[in-house]
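Chemist: With the sequence up front, the predicted model follows.
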Protein chains: 4
Amino acid sequence: MSGSLARKRVVVTDAAAFMGPDIMAAFTEAGMDAIADRRDLTATTAAEDLIKEAGRVDVLIANLTFSYPGGLAHEIDDDEMTRTFDCLVFPLHRLVRSVLPQTIERRQGKIIVVGSADALRGKPRRAAYGAARGAQHAYVRNVGVEVAPYNIQVNATGQTFVENPTYFSPEYQKTEEFRKRLEQVPAGRLATGREAAEFILFLAGPSSDFFVGQVFPFAGGWVV
Amino acid sequence: MSGSLARKRVVVTDAAAFMGPDIMAAFTEAGMDAIADRRDLTATTAAEDLIKEAGRVDVLIANLTFSYPGGLAHEIDDDEMTRTFDCLVFPLHRLVRSVLPQTIERRQGKIIVVGSADALRGKPRRAAYGAARGAQHAYVRNVGVEVAPYNIQVNATGQTFVENPTYFSPEYQKTEEFRKRLEQVPAGRLATGREAAEFILFLAGPSSDFFVGQVFPFAGGWVV
Amino acid sequence: MSGSLARKRVVVTDAAAFMGPDIMAAFTEAGMDAIADRRDLTATTAAEDLIKEAGRVDVLIANLTFSYPGGLAHEIDDDEMTRTFDCLVFPLHRLVRSVLPQTIERRQGKIIVVGSADALRGKPRRAAYGAARGAQHAYVRNVGVEVAPYNIQVNATGQTFVENPTYFSPEYQKTEEFRKRLEQVPAGRLATGREAAEFILFLAGPSSDFFVGQVFPFAGGWVV
Amino acid sequence: MSGSLARKRVVVTDAAAFMGPDIMAAFTEAGMDAIADRRDLTATTAAEDLIKEAGRVDVLIANLTFSYPGGLAHEIDDDEMTRTFDCLVFPLHRLVRSVLPQTIERRQGKIIVVGSADALRGKPRRAAYGAARGAQHAYVRNVGVEVAPYNIQVNATGQTFVENPTYFSPEYQKTEEFRKRLEQVPAGRLATGREAAEFILFLAGPSSDFFVGQVFPFAGGWVV
């Protein structure tokens, strides 16, 4: 598998955030030619510029992040709602739109959306974020079916309870609240970022060609 | 059931479009006090104005429509993508935000989102529309869990193959393409709008209180 | 709706157990001609005998019960595993096999399987029971698609946290364990048996004709 | 990954049938110590004997097969129904029951059930087979949650449209019926057995530890 991965050019967006660093580490070790992009993708032409600069893109990892404060549904104002979609949904479409033509032409390509389990199972205070993540998943289902005949595979993950300094700081991991939340996770622990990245690496590789338009929960059993 | 429905005040949005007319007919026959609203909900304050004017709202039917031309993913421009969400997603949030406070205060309320099966199973040429419908479903999952403790039920349908003059004109129903599409529907026919409305009526009634944050496919078996 | 329900002949199996009493009450009030059957359906010819005796059957409510002690997977012996399927799965097939010919001939019929959410989301100590309930759901998916062209609708529920004296006695409802379990249910309460029965009544009625081979969670948001 | 796989002892059941040969090839190439078992697992003590003989088992691949003729639901007799479960369901439980104690003791183990998409989406003439495959999936959901705290991962696939001489002979692949069926598969082709085996290899490896009780469709987009 490494052999064929080694010949692949990958773009990883928001590479300094969310799953970016772990994905870059796993992909680089696997010998892929991975481009760590860090530009702000909310700018209208940013996605198109990125793909142009990258040239040939075999695999696009749409790792999009939004630092969501969370809030009760009736307290989320228009601005917050809009920004959530500006960060998570519209850049995804611009990325996909920019990369599809070359992959359709070559009859080969992979797009993997790093998504959230918040779209799959509800939680309080996640309405805007969950909705935007749900848009990503449904987008993947539809584009996945559309481009499958061109041998392009579009898939997504739906992760949660993955270790990261933002949501699960060492201090927070000592709290009673954290302990209570973990009780809901059959696996009884957080995933490491590396584990999440290795599944994404599998999806980026040649063995995943029969998965199209699919959403994979990655959640320690919290959602399946 | 009719008895308790008869005391309920309902707001039906986009009442002249999509499932609006069938819902109004079914709800009125059931003795509900149903307000058929037709205003353009993309205007920023429209949803809030509507709920203020309506006064007490026991049931909100978020029937939101967007005349989607459809198109290949890499041909959908920013404007079309944005408009899809402006029509289907952001007004939903503004409606829910406006109606939640009074229902939370009364510890009773129902919100039903008339959604699309395009969010549940992919089709070509539906990327933007499917994504926006997916945002609705995931929004419902999260808000549904959040407000369930206040005895408010938020649920959604995911319909397709429901008879309507826009997508399934009598002429179109005579075509070979239509016949081929129907082959994919185990029920072997289109639903009437009335059938779809009667399920929504069930969700609006008192027998549905144990459903929260749930998405119900309504699709003749095309998706379950 | 009552009008058309009033003309329907229904068979409710295991009528003294599980959801049987609540279904009988709701169906009888709705004016249906409901036969409460109590025979042991594990006997090979029992299902066939029942349908023969019943004559015309418009609606079959496959309410099958098994008093499952629960147990760790590696402690469930062959006998317990077999009995679970003998009670929940094989009688279901014999019932369906017996009732299908007459409904196919009349081009009309409904079969509703009262199922369990244990098939949809895992719990410890439920391996045998959950598996048998999962067999019911997948059976419904396949038969539902097969007979939909004959205007026969086969659907199932997947219920949990429904009040009943066996699993949720008044004493048990006062325990800390019960309180903790309820925390996992977004609705924050048990459903009454009547609520569950009213959804089954909806599925038995004429407004549900576009649902085929579908499984409906009924779980207060515990699973959606 | 190969490194850690190389130290693992695997049992593959029904190794000459269904996905057995492809799994054996992929696992052996990956350096795993894979035991190809071919015994008839319908015999009551066969599963226990197998695990005893195998000694240490790190990974169990429950590849169970039943040559299902298919048939209309109302024509499936008791004998066929029973045999389906005797081949696909009861041996699965006996295998799991036999292998769990040693893995619980070591706090490490993986069980992967090679399942069918027939449990996930209905087709005509698959009632018995689909039901038994559905029992496998729900069994996995429940056992998966139960043993996850012991660092044991139980997961399943749900495959269809995977190339094999039994269901998709070269002759059959030339027929119009085959061509029509392929139209329903977004990927537009059959998977090779090797592709299916490589996903199972991923699930058998150390990168899959955060998946528990999960069912993975493997279906070219036919079901997701």
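Modeler: It's in.

Chemist: doesn't A:Pro149 fall inside a helix?
Modeler: Yes: counting by DSSP: H, G, I helix; E, B strand; the rest coil, A:Pro149 is found in a helix.

Chemist: what's downstream of the lowest-mean-pLDDT helix or strand in chain A, the next helix or strand?
Modeler: Sorted by mean pLDDT, DSSP states H and E, the helices and strands of chain A end with helix A:2-6, the least confident at a mean of 65. Counting by DSSP states H and E, the next helix or strand C-terminal to helix A:2-6 is strand A:9-12.

Chemist: Now do that next one: which elements does it pack against?
Modeler: Helices and strands touching strand A:9-12, as assessed by 3 or more CB pairs under 8 Å, 6 or more residues apart in numbering or on different chains; DSSP states H and E, comprise helix A:20-29, strand A:33-36, helix A:46-54, strand A:59-62. From N, CA and C alone the C-beta is placed, and that goes for glycine too.

Chemist: mind listing what A:Gly221 touches?
Modeler: A:185-187, C:122, D:144-145, D:148, D:211-214 (CB atoms under 8 Å, 6 or more residues apart in numbering or on different chains).

Chemist: Do you have the helices of chain A handy? List them.
Modeler: A:2-6, A:20-29, A:46-54, A:78-88, A:90-106, A:127-147, A:176-182, A:193-204 (DSSP state H).

Chemist: Of all these, which one comes closest to chain B?
Modeler: helix A:127-147 (2.3 Å; CB to the nearest CB).

Chemist: before we move on, the earlier item: out of the helices and strands packed on strand A:9-12, which is the most enclosed?
Modeler: Stretch with highest mean neighbour count among the helices and strands packed on strand A:9-12: strand A:59-62 (a mean of 28; mean count of other CB atoms under 10 Å in any protein chain shown).

Chemist: does chain B sit close to it?
Modeler: No: between strand A:59-62 and chain B, judged by CB under 8 Å from any CB of the partner chain, nothing touches; the nearest distance is 12.8 Å.

Chemist: can you list contacts of stretch A:50-57?
Modeler: By CB under 8 Å, 6+ apart, stretch A:50-57 touches A:9-11, A:13, A:35, A:37, A:39, A:41, A:95, A:98-99, A:102-103, A:109.

Chemist: Nearest to C:Leu5 among these?
Modeler: A:Leu95 (52.8 Å; CB to CB).

Chemist: circling back to that earlier point, could you dump the helices and strands packed on strand A:9-12 to a markdown table with mean pLDDT and distance to A:Glu195?
Modeler: Listed next are the helices and strands packed on strand A:9-12 as a markdown table, based on pLDDT from 0 to 100; distance: least, CB to CB, whole Å:
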| stretch | mean pLDDT | distance to A:Glu195 |
| --- | --- | --- |
| helix A:20-29 | 97 | 9 |
| strand A:33-36 | 97 | 18 |
| helix A:46-54 | 98 | 27 |
| strand A:59-62 | 98 | 16 |
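
Chemist: Redo the ones you listed as a markdown table? Include distance to D:Gly158.
Modeler: Listed next are the helices and strands packed on strand A:9-12 as a markdown table, based on distance: least, CB to CB, whole Å:
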| stretch | distance to D:Gly158 |
| --- | --- |
| helix A:20-29 | 27 |
| strand A:33-36 | 32 |
| helix A:46-54 | 34 |
| strand A:59-62 | 25 |
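
Chemist: Leaving out sequence neighbours, find the closest residue to A:Thr42.
Modeler: A:Asp86 (5.1 Å; CB to CB, 6 or more residues apart in numbering or on different chains).

Chemist: before we move on, what about A:Ala131?
Modeler: Take A:Ala131 and drop its neighbours on the chain: the residue closest to it by CB to CB, 6+ apart is B:Tyr139, 3.8 Å away.

Chemist: Just the buried subset of the contacts of stretch A:50-57, written out for PyMOL, thanks.
Modeler: Only the buried entries of those go into this PyMOL selection, using 16 or more other CB atoms under 10 Å in any protein chain shown:
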select buried, chain A and resi 10+11+13+35+37+41+95+98+99+102+103+109
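
Chemist: Surely A:Gln136 is in contact with A:Gly158?
Modeler: No: if you go by CB atoms under 8 Å, A:Gln136 and A:Gly158 don't touch, sitting 9.1 Å apart.

Chemist: If you count surrounding residues, which of the two has more?
Modeler: Between A:Gln136 and A:Gly158, A:Gln136 has the larger neighbour count (other CB atoms under 10 Å in any protein chain shown), namely 27 against 23.

Chemist: sorry, back to before: joint contacts of A:Gln136 and A:Gly158?
Modeler: Counting by CB under 8 Å, 6+ apart, the residues touching both A:Gln136 and A:Gly158 are A:115, A:119.

Chemist: any idea how far A:Gln153 lies from A:Val143?
Modeler: Taking CB to CB, to the nearest Å as the measure, A:Gln153 and A:Val143 are separated by 11 Å.

Chemist: intersection of neighbour lists for these two?
Modeler: In contact with both A:Gln153 and A:Val143: A:Ile111, using CB under 8 Å, 6+ apart.

Chemist: May I ask you to confirm that A:Phe168 is in contact with A:Thr175?
Modeler: No: using CB under 8 Å, A:Phe168 is not in contact with A:Thr175; the gap is 10.3 Å.

Chemist: ok, the longest strand along chain A near chain C or not?
Modeler: Determined from DSSP state E, the single longest strand within chain A is strand A:152-159. No: Strand A:152-159 does not reach chain C (CB under 8 Å from any CB); its nearest approach is 14.4 Å.

Chemist: Show the average pLDDT along that strand.
Modeler: Taken as a whole, strand A:152-159 carries a mean pLDDT of 98.

Chemist: now it: how far from the chain's centre is it?
Modeler: 8 Å (CA atoms, centre = their mean, to the nearest Å).

Chemist: ok, now stretch A:43-54?
Modeler: 18 Å.

Chemist: what do you get for stretch A:108-118?
Modeler: 5 Å.

Chemist: In CSV, could you pull the C-alpha coordinates for that stretch?
Modeler: Extracted in CSV, the C-alpha atoms of stretch A:108-118 (Å, rounded to 0.1, in the frame of the first residue of the first chain):
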residue,chain,number,x,y,z
GLN,A,108,-9.0,9.2,-10.5
GLY,A,109,-9.1,11.1,-7.3
LYS,A,110,-10.1,11.1,-3.7
ILE,A,111,-11.7,13.7,-1.4
ILE,A,112,-12.0,13.0,2.3
VAL,A,113,-13.9,15.4,4.5
VAL,A,114,-12.9,15.3,8.2
GLY,A,115,-16.3,15.6,9.8
SER,A,116,-17.9,15.5,13.1
ALA,A,117,-20.2,13.0,14.9
ASP,A,118,-22.2,16.0,16.1
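
Chemist: re the thing from before, would CSV of the helices of chain A with distance to B:Leu201 be doable?
Modeler: Formatted as CSV, the helices of chain A follow (distance: least, CB to CB, whole Å):
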stretch, distance to B:Leu201
helix A:2-6, 54
helix A:20-29, 48
helix A:46-54, 44
helix A:78-88, 30
helix A:90-106, 36
helix A:127-147, 26
helix A:176-182, 38
helix A:193-204, 43
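
Chemist: among those, which is the most enclosed?
Modeler: It is helix A:127-147: most buried of these by mean count of other CB under 10 Å, with a mean of 30.

Chemist: who does that one touch, helix- and strand-wise?
Modeler: helix A:78-88, helix A:90-106, strand A:109-113, strand A:152-159, strand A:215-218, helix B:90-106, helix B:127-147.

Chemist: nearest to A:Thr28, of the contacts of stretch A:50-57?
Modeler: Among the contacts of stretch A:50-57, A:Val10 lies closest to A:Thr28 (CB to CB), at 9.5 Å.

Chemist: how about low-confidence regions in chain A?
Modeler: Along chain A, segments meeting pLDDT under 70 span A:1-3.

Chemist: how much space between the residue of it most remote from its centre and B:Leu100?
Modeler: Centroid-distance maximum for chain A: A:Glu176 at 29.3 Å, with CA atoms, centre = their mean. Counting by CB to CB, the gap from A:Glu176 to B:Leu100 is 29 Å.
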